[in-house]
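*Asks:* Below: sequence and its predicted model.
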Amino acid sequence: MTGHVLDVQRERRVVPDTLATALAEWADAIGSDHTLAVDEIRDLYARSTSPQGTRPLAVLKPGSLVEVQDVLRVARRHDIPIYPISGGKNWGLGDACAVTDDQVIVDLARMNRIHEIDANLGYAVVEPGVTQGQMHEHLRANRIPLWFDATGAGPDASIIGNMMERGYGHTPLGDRFQHATAFEVVLPDGRILRTGFSHYHSSQTAHVFKPGLGPSLDGLFTQSNLGIVTRATVWLMPQPPCFEAFAFSVAKDEQLGAVIEALRPLRMLGILQSAVHIANDLRVVSAHQRYPWDWTDGKTPLPRQVREKLRRKQGLGAWNVLGGLYGTKATVRGGKKALRHALRFLARPRFINDRTLGLAESAAALCGRVGIARSLVELMETVKPAYVLLKGEPAAEHLEGMAWRNRSPRAGDSSDPLEKGHGFMWLSAVVPQTGAAAEDLRRLVEPIFEEFGFEPLTTFIMTSARALVCPITVCYDKQNQDETARAQQCYSRLFDEVMIRGYHPYRAGIQSMSKLSQGSSVFWEVVREIKHALDPKDVVAPGRYLPDC
């Protein structure tokens, strides 16, 4: 093996001389400043919030469609595996790391142009480097009365990157893949494919009609390694005349099912349009503070009495619900009435709007946490970061929740979890939107967390009318070797158990790609045949969502 680099996934070796030749060709194509193979850069991209990252051979930063084509052609010519990222903010699921060591990262962050925004039809044409913060600032600065859909990944996260993972945001356009069209894709041999109607040069409807004529190919390029998406159209929503968030909580863990049964009819009728978050107390507490080491004498997991103390301190319930109502004043008023009626035997919802938050901020400035102002201030602190997401405003505060077990985060102003040294992994199981299914998942995962000494930071999200996505977070201290090892074991057990029970995750991190070969053999055979037809040398992202390739 001396003198060779081993690709474990496919037992393919990249000879140093071949790599050196490819790097020289890449430098000619995209510039030496954007062809990076020094150890410092390779180490930077090897960082992960997971217990172990993967180390690339090099990092390439193309800045245009033509440069992406050149990158792929060189990789194909020299049989070198590449792994595209939009910016490396795939937190808890691999970050900027490839599936295996010794792939070449293609970082598309330089491709950050907003090509077009249509304020009448509500869409934007963007490149993969366009971030949530960039889009929000562009709409605000140009006074365009549109909202885009934001996730909790922070202002620096890529819009297309999350879409390629079929991620979810918080607004009525929360299913990002379903609200996107006209993908521009570079295939492994450098050819350009455009999906939907966008492959017709004269199309008037490429940006507003998703399928086009013939087979709909968009889905082939999400959660796959079949090509690199370099441009896409994302749909935006008109700023509604009226918007109000709602929040309520229930006191007992066992009331989770009742909450879901009460809200599902409203979601199915379209009265509730946003993603509705149902978070346990631990998930909310972790967003505002780290683990209370001084209250527990350093012991883990969190004792029940301390958990209850934190719950009382922040005015939380066992389950805490937040969603949004959008429309005219009349429709929002009707939604509020329907929500109150649905919850009449369970909870009393509180409604929050810009005026409510303004009053809370004024009360905080004038009175602090004294008297009647106290509840308003606590509501503001708890709700505001999620409230702005319901309006399409990305917020960095959500990333702070990943510091829960970090005993000594690195100093600095950055909200980047890698800069802070946070350790966490996300597992996002999907369950039917029934109280029984949600309770079943809760009872399944909580003993596993207890066994390995962690707290179940859990949220059930109504992302559609019929299913719940359940992000489960394993937070741990990366500086503690024993805790890190237990976190990996905990995650692995959780993944195995939800797969066995049939609550499969809607997306997977690189730490679980090897576990995806369950299910229909015909499905994976067809996927591999498509992959081989487009990429017989297996150049783009080996192993990504394609087990045993």
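*Replies:* It's in.
*Asks:* switch to C-alpha atoms for all contacts and neighbour counts from now on
*Replies:* Noted.
*Asks:* and the helix or strand where residue 285 lies, what other elements does it pack with?
*Replies:* Element membership for residue 285, per DSSP states H and E: helix 281-286. In terms of contacts (3 or more CA pairs under 8 Å, 6 or more residues apart in numbering; DSSP states H and E), helix 281-286 is packed against helix 304-313, strand 457-462.
*Asks:* Each with direction, which strands does the last one pair with?
*Replies:* Which is strand 457-462. strand 276-280 (antiparallel), strand 467-476 (antiparallel) (DSSP bridges).
*Asks:* Tell me which stretches of the stretch 251-400 of the chain form strands.
*Replies:* 276-280, 319-327, 350-352 (DSSP state E, counting those that start in this stretch).
*Asks:* What residue spans form the domains of this protein?
*Replies:* Taking automatic domain parsing as the reference, the chain has its domains at 5-107, 114-238, 242-501.
*Asks:* Same list, those, but as JSON lines with mean pLDDT please.
*Replies:* Output for the domains of the chain, formatted as JSON lines (pLDDT from 0 to 100):
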{"stretch": "domain 5-107", "mean pLDDT": "91"}
{"stretch": "domain 114-238", "mean pLDDT": "96"}
{"stretch": "domain 242-501", "mean pLDDT": "92"}
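*Asks:* what's the closest of those domains to residue 526?
*Replies:* domain 114-238 (11.7 Å; CA to CA).
*Asks:* thinking again about what came up before, and the strands of the stretch 251-400 of the chain: which comes nearest residue 220?
*Replies:* Closest to residue 220 of the strands of the stretch 251-400 of the chain, according to CA to CA: strand 276-280, at 28.4 Å.
*Asks:* Other residues contacting that closest one?
*Replies:* Contacts of strand 276-280 from elsewhere in the structure, counted by CA atoms under 8 Å, 6 or more residues apart in numbering, are 170, 317-324, 457-463.
*Asks:* How about stretch 444-460?
*Replies:* 277-280, 282-283, 286, 300-302, 438, 468-476, 486-487, 489-490, 493-494, 497.
*Asks:* Can I take it that residue 418 is in a strand?
*Replies:* No. Residue 418: not assigned to a strand; according to DSSP: H, G, I helix; E, B strand; the rest coil it is helix.
*Asks:* Confirm for me that it is in contact with residue 45.
*Replies:* No. With contact defined as CA atoms under 8 Å, residue 418 does not count as touching residue 45 (10.0 Å).
*Asks:* So which of those two has more stuff around it?
*Replies:* residue 45 (21 against 17; other CA atoms under 10 Å).
*Asks:* Can you report how many residues lie near residue 512?
*Replies:* Neighbours around residue 512, by other CA under 10 Å: 18.
*Asks:* swap in residue 481?
*Replies:* Residue 481: 12 surrounding residues under other CA under 10 Å.
*Asks:* export the helices and strands packed on helix 281-286 to TSV and tack on mean neighbour count?
*Replies:* Putting the helices and strands packed on helix 281-286 into TSV (neighbours: other CA atoms under 10 Å) gives the following:
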stretch	mean neighbour count
helix 304-313	13
strand 457-462	25
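*Asks:* can you tell which of the ones you listed is closest to residue 538?
*Replies:* So among the helices and strands packed on helix 281-286, strand 457-462 is nearest, using CA to CA, at 35.9 Å.
*Asks:* C-alpha coordinates for that closest one, PDB please?
*Replies:* Coordinates of each C-alpha in strand 457-462 appear next as PDB, following Å, rounded to 0.1, in the frame of the first residue of the first chain:
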ATOM      1  CA  LEU A 457     -33.500  16.000  22.700                       C
ATOM      2  CA  THR A 458     -36.600  15.300  20.600                       C
ATOM      3  CA  THR A 459     -38.900  17.200  18.300                       C
ATOM      4  CA  PHE A 460     -41.900  15.900  16.300                       C
ATOM      5  CA  ILE A 461     -42.600  18.200  13.200                       C
ATOM      6  CA  MET A 462     -45.700  18.200  11.200                       C
END
